[in-house]
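> Next one to model:
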Amino acid sequence: MRSRAQVGIVYAPGMATILAAIPDAFDVLEIEPQTLSPALAGRSGRAPGAGDLAEVLAFPHPKVVHSVGMPFGNRARPTPAEVGALRFAADAVDSPWVSDHLSFNGGRAGFAGFLLPLPQGRGAVRHAAARIGWLRDRLGRDVAFETGVNYLRPQPGEMPDGEFLAAVAEAADCGILLDLHNLWTNERNGREPVARVVDRLPLDRVVEVHLADGHERAGYWVDAHSGLTSGELLDIAATVVPRLPNLRLITFEMGPDYVPAAGLGPDDLARHLVDLRALAAAAAPPGPPGRPARRGRRECAHRRGPGLDAWRDELTLLVNGHPAPAAATDTLRADPGLGLYRELVAVARSGALVGAAPLTARLLVLLGGPGRLESVVEGFRAHSRPSLLPDDELRGLDDYLAAHPEPDLGVAHEVLRYERALLRTAADGRPRTVTFTTDPTALLPAIGAGRAPAPAEDDDPTIYELTIVSRPVESGH
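The predicted structure is shown next:
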């Protein structure tokens, strides 16, 4: 990647056709390896290969890796498989740095189901800095943290937002991915103003800026990547970007599902990226390549803040609707942002299920409308805690359907087990056989075409078997 600030766009499954239509509109692709294949998430039982990156490697643009599965606030370290997969992706595209979130999604209480904010105190600073350094050593390349969203009110004894971010960057001696939409979201929801946060940061550590859009939900502004960057945020960016002497990349984030939903096409994205190119041209003149001068690790002398392990446990339980330990503070229990987090966890979990089992979700809608899908998913969520692994979520739904049988859901249960077998075979390459009481060669195409299946004959004893095998993906195809 050249030293002067460039314009990037986040690549996600479903974006290939859109981006292929406007290859000259952007300079860099930001890739999130964990979204591309189970192997690149380090959870497949096999090592990743070039085929797992084939679609994104077909683009000739330089690439930078943004991890979305190993936030620096987690209690447990990433597994060797997860780190190995991330290192494979970074090496394959020669990423100049690797970034992840200054958040957590897991602790002693299990997987939270959503990225959650850390308590902004000395313990969190030390923990995040140590985790950033640990990952940098294992990847053999620079690491940056993304400034996150926080829908909670400031907690008693907490460091201010900008002070906390600066303390982590200095203690870890690392780069910063300055997500301006995240900071603007925080400001709009009552936290520290963007200008004050930026004034507190070591700006020479900012290597990348994220821009995006969001929408209103439950009385909050939500970082949803659901539209083009607003004029107001572009104005804010125009005041910040010229102050960043080591800025290398301005990246636009928008989910592929929102592009058609917002009535946008490739040309609309291309015109928006022209605005970002003008913004990049206003960046500070590029300094010498490499990281900022090392200022040395130092002990954070700021306020202690809430205990890190207790905070992770309490917040994980609260956002999933479970009773929190007695140690949870009244301030946290009463925070109105918990209601929003519960909604976002539910939406994320439902979306993950629908993404992993689209035929099952479509069949439930065909059997009883959207309300039927929602009631089944709501019942499942109430009876189980979230899991990071799609197969664990499908297994939980499998168990829920088995424990709550309904006459017309038998076929949905069979389709779910088929999709679970598909997911597992795609991950480990091992063949699996599933059974149906309805001919799957007629059932599955009918669901795919949006047709409800005909009821099975009660006196039909036929059992159908379908064997699923893995087809290797060749590099470059």
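
> next SSE after the helix or strand containing residue 184?
Assigned by DSSP states H and E, residue 184 belongs to helix 180-188. For helix 180-188, the following helix or strand on the C-terminal side (DSSP H and E) is helix 194-200.

> Helix 180-188 and whichever helix or strand comes after that following helix, what's the angle between them?
Using DSSP H and E, the helix or strand that follows helix 194-200 in sequence is strand 206-211. For strand 206-211 against helix 180-188, the angle by axes from the mean of the first three to the mean of the last three C-alpha atoms, to 10 degrees is 70 degrees.

> What strands line up against strand 206-211, and which way round?
strand 175-179 (parallel), strand 249-252 (parallel) (DSSP bridges).

> Touching the first one from outside, list them.
To tie it back to what came earlier, the one meant is strand 175-179. The contact list for strand 175-179 (C-beta atoms under 8 Å, 6 or more residues apart in numbering) reads 66, 97, 99, 142-148, 165, 169, 198, 201-202, 205-210, 212, 240, 244, 291. Using the backbone N, CA and C atoms, a C-beta is placed for each residue, glycine as well.

> buried subset of those residues?
Buried members of those, counted by 16 or more other C-beta atoms under 10 Å: 66, 97, 99, 142-148, 165, 169, 198, 201, 205-210, 212, 240, 244.

> on that earlier part again, and the helix holding residue 184, C-alpha only, in PDB?
Taking Å, rounded to 0.1, in the frame of the first residue of the first chain, the C-alpha atoms of helix 180-188 are listed here in PDB:
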ATOM      1  CA  LEU A 180     -15.500   8.200  13.300                       C
ATOM      2  CA  HIS A 181     -19.000   6.900  12.900                       C
ATOM      3  CA  ASN A 182     -18.600   4.900  16.100                       C
ATOM      4  CA  LEU A 183     -17.400   8.000  18.000                       C
ATOM      5  CA  TRP A 184     -20.200  10.100  16.400                       C
ATOM      6  CA  THR A 185     -22.700   7.400  17.500                       C
ATOM      7  CA  ASN A 186     -21.400   7.600  21.100                       C
ATOM      8  CA  GLU A 187     -21.700  11.400  21.000                       C
ATOM      9  CA  ARG A 188     -25.300  11.300  19.700                       C
END
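
> Show me which positions of stretch 124-131 end up buried.
Those would be 124-129, 131, for stretch 124-131 by 16+ other C-beta under 10 Å.

> whoops, stretch 13-25 was the one
Per 16+ other C-beta under 10 Å, stretch 13-25 contains these buried residues: 15, 18-19, 22, 25.

> now, which of those sits nearest residue 333?
Using C-beta to C-beta, residue 15 is the member of the buried residues of stretch 13-25 that sits closest to residue 333, with 40.2 Å.

> any low-confidence regions in the stretch 151-300 of the chain?
Low-confidence segments of the stretch 151-300 of the chain, defined by pLDDT under 70: 285-300.

> what do you get if the cut-off is 90, keeping everything else the same?
Within the stretch 151-300 of the chain, the segments meeting pLDDT under 90 span 156-157, 255-258, 260-262, 283-300.

> and the next element down the chain from whichever helix or strand residue 412 is part of?
Element membership for residue 412, per DSSP H and E: helix 410-428. Next helix or strand after helix 410-428 toward the C-terminus (DSSP H and E): strand 432-436.

> phi, psi of residue 221?
For residue 221, the backbone dihedrals (degrees, to the nearest 10) come out as phi -90, psi 130.

> I'd like to know how far the residue nearest to it when sequence neighbours are not counted sits from residue 363.
Excluding its sequence neighbours, the residue lying closest to residue 221 (C-beta to C-beta, 6 or more residues apart in numbering) is residue 188, at 4.2 Å. As judged by C-beta to C-beta, to the nearest Å, residue 188 and residue 363 stand 40 Å apart.

> out of those two, which sits in the more crowded spot?
Each of residue 188 and residue 363 has its neighbours counted (other C-beta atoms under 10 Å); residue 363 has more, 25 against 16.

> List the contacts of the more buried one.
Applying C-beta under 8 Å, 6+ apart, we find residue 363 in contact with 411-412, 415, 447, 452-453.

> Tell me which stretches of this protein form strands.
Ranges of strands within the chain are 6-11, 28-31, 63-66, 97-101, 104-107, 110-116, 142-146, 175-179, 206-211, 214-217, 220-223, 249-252, 432-436, 464-468, based on DSSP state E.

> Pipe those strands into a markdown table and attach distance to residue 387 per row.
What follows is the strands of the chain, written out as a markdown table (distance: least, C-beta to C-beta, whole Å):
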| stretch | distance to residue 387 |
| --- | --- |
| strand 6-11 | 25 |
| strand 28-31 | 24 |
| strand 63-66 | 23 |
| strand 97-101 | 19 |
| strand 104-107 | 10 |
| strand 110-116 | 6 |
| strand 142-146 | 23 |
| strand 175-179 | 26 |
| strand 206-211 | 27 |
| strand 214-217 | 24 |
| strand 220-223 | 23 |
| strand 249-252 | 29 |
| strand 432-436 | 20 |
| strand 464-468 | 22 |
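
> So for residue 380, which of those strands sits nearest?
Once these are compared by C-beta to C-beta, strand 110-116 is nearest, at 12.9 Å.

> Just checking: what are the partner strands of the closest one?
Strand 110-116 is paired, per DSSP bridges, with strand 104-107 (antiparallel).

> Adding mean neighbour count as columns, could you present the strands paired with strand 206-211 in a markdown table?
Below are those laid out as a markdown table (neighbours: other C-beta atoms under 10 Å):
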| stretch | mean neighbour count |
| --- | --- |
| strand 175-179 | 26 |
| strand 249-252 | 24 |
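
> for those, which one sits closest to residue 138?
strand 175-179 (16.5 Å).

> Put the alpha carbons of that closest one into PDB.
What follows is strand 175-179, C-alpha atoms only, in PDB (Å, rounded to 0.1, in the frame of the first residue of the first chain):
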ATOM      1  CA  GLY A 175      -1.900   1.900  15.900                       C
ATOM      2  CA  ILE A 176      -5.400   3.200  16.100                       C
ATOM      3  CA  LEU A 177      -8.300   2.500  13.600                       C
ATOM      4  CA  LEU A 178     -10.300   5.600  14.200                       C
ATOM      5  CA  ASP A 179     -13.900   4.800  13.500                       C
END
